[in-house]
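> Have a look at this fold, sequence not included:
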């Protein structure tokens, strides 16, 4: 009985804390910081994210007095549930904008190949600069969201070096990915190089929180394009879920494996 009471009180503290964080974040509101080449837009989701980190019992020890481990685990599980209404809302924006989405044509489908850029950029850094082992395969073949983790878990297991690399990137993306995705679109849009539709497509990387942060920052920078931004971002995110797993399975992961074997031929011979 005591255990159930403790779990209930921990859940109550968690909900009260989340409500307080939301209220504080909304009171701060959207803040803009001009930096010359563009404007960094700070959204309430960023403040909520930062405050959430600060009260994490693993960082702020005093929080452990009222937030148990069970409550922390509950908060992690509730993220998926809480993000569903947001994703559903995005889905309703696709229909009215379907003609403009069709006009985007092959660009919307082929942009999935842009996810291979993680290999191009991250793989050399992981293998040659950071001297990572097999962890580099799981860490660099994608941005390691849920479908990508599932693929690594099925092929190697999450207790493997590849699984450790994938989980490391997943955790890092969860911690700082939202922040990066919130400040990048307004800055890039301010450069005037890319069409706003291309930037909207880039928001759909298969992560609900990153999608929210990215579209929020982009809409704040270009409010008159709100509908098309939300529609293209939602369509891109759906396509990423639909095609990303297959791109990872048949292209990205085999390519990363091949590159790793070329970079570390001695390890391949040892395994053989």
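Ah, there it is. As the structure is a prediction and not an experimental result, all values here were calculated from the model.

> what's the burial count for residue 256?
Residue 256 has 25 neighbouring residues, counting by other Cβ atoms under 10 Å. For the C-beta atoms, the positions are set from N, CA and C on the backbone; glycine is no exception.

> ok, and what's touching the helix or strand containing it?
Secondary structure from DSSP states H and E places residue 256 in helix 253-263. Defining contact as Cβ atoms under 8 Å, 6 or more residues apart in numbering, one finds that helix 253-263 is touched by 116, 119, 123, 127-128, 134, 136-137, 140-141, 151, 155, 267-268.

> List the buried residues for it?
Buried residues in helix 253-263, defined by neighbour count with 16 or more other Cβ atoms under 10 Å: 253, 255, 256, 257, 259, 260.

> likewise stretch 153-164?
The neighbour-count check on stretch 153-164 (16+ other Cβ under 10 Å) flags 153, 156, 160, 161, 162, 163, 164 as buried.

> Select from the contacts of helix 253-263 the one having the most neighbours.
Counting neighbours by other Cβ under 10 Å, residue 141 leads those with 31 neighbours.

> average pLDDT for stretch 167-178?
The pLDDT scores in stretch 167-178 average 74.

> residues of that stretch that come out buried?
Using 16+ other Cβ under 10 Å as the burial criterion, the residues of stretch 167-178 that qualify are 167, 169, 170, 173, 174, 177, 178.

> ok so, going back, identify, from the contacts of helix 253-263, the entry nearest to residue 13.
residue 151 (36.6 Å; Cβ to Cβ).

> What is the three-state secondary structure of that closest one?
helix (DSSP: H, G, I helix; E, B strand; the rest coil).

> Nearest residue to it in space, please, no chain neighbours.
Among residues not flanking residue 151 along the chain, residue 248 sits closest, at 5.5 Å (Cβ to Cβ, 6 or more residues apart in numbering).

> Contacts only, for the one you found.
Counted by Cβ under 8 Å, 6+ apart, residue 248 has contacts 115, 141, 142, 147, 148, 151.

> if I've got this straight, it is in a helix?
Yes - assessed by three-state DSSP, residue 248 belongs to a helix.

> just the contacts of residue 248 now: which is nearest residue 201?
Using Cβ to Cβ, residue 115 is the member of the contacts of residue 248 that sits closest to residue 201, with 11.9 Å.

> Contacts only, for the closest one.
Residue 115 makes contact with 142, 143, 205, 240, 244, 247, 248, 252, according to Cβ under 8 Å, 6+ apart.

> if you set the cut-off to 10 Å instead, what comes out?
141-143, 148, 205-206, 240, 243-244, 247-248, 251-252 (Cβ atoms under 10 Å, 6 or more residues apart in numbering).

> now do residue 132
123, 125, 126, 138, 139, 140, 161, 164, 165, 168, 260.

> Least confident of these?
Within the contacts of residue 132, pLDDT reaches its minimum at residue 168, with 80.

> Tell me what angle the helix or strand harbouring residue 121 forms with helix 253-263.
Following DSSP H and E, one finds residue 121 within helix 117-124. Counting by axes from the mean of the first three to the mean of the last three Cα atoms, to 10 degrees, helix 117-124 lies at 20 degrees to helix 253-263.

> what comes into contact with helix 117-124?
Looking at what lies outside helix 117-124 - Cβ under 10 Å, 6+ apart - the contacts are 126, 130, 132, 136-137, 139-144, 148, 169, 251-253, 255-256, 259-260, 263.

> where's residue 117 relative to residue 252, distance?
From residue 117 across to residue 252, the span is 10 Å (Cβ to Cβ, to the nearest Å).
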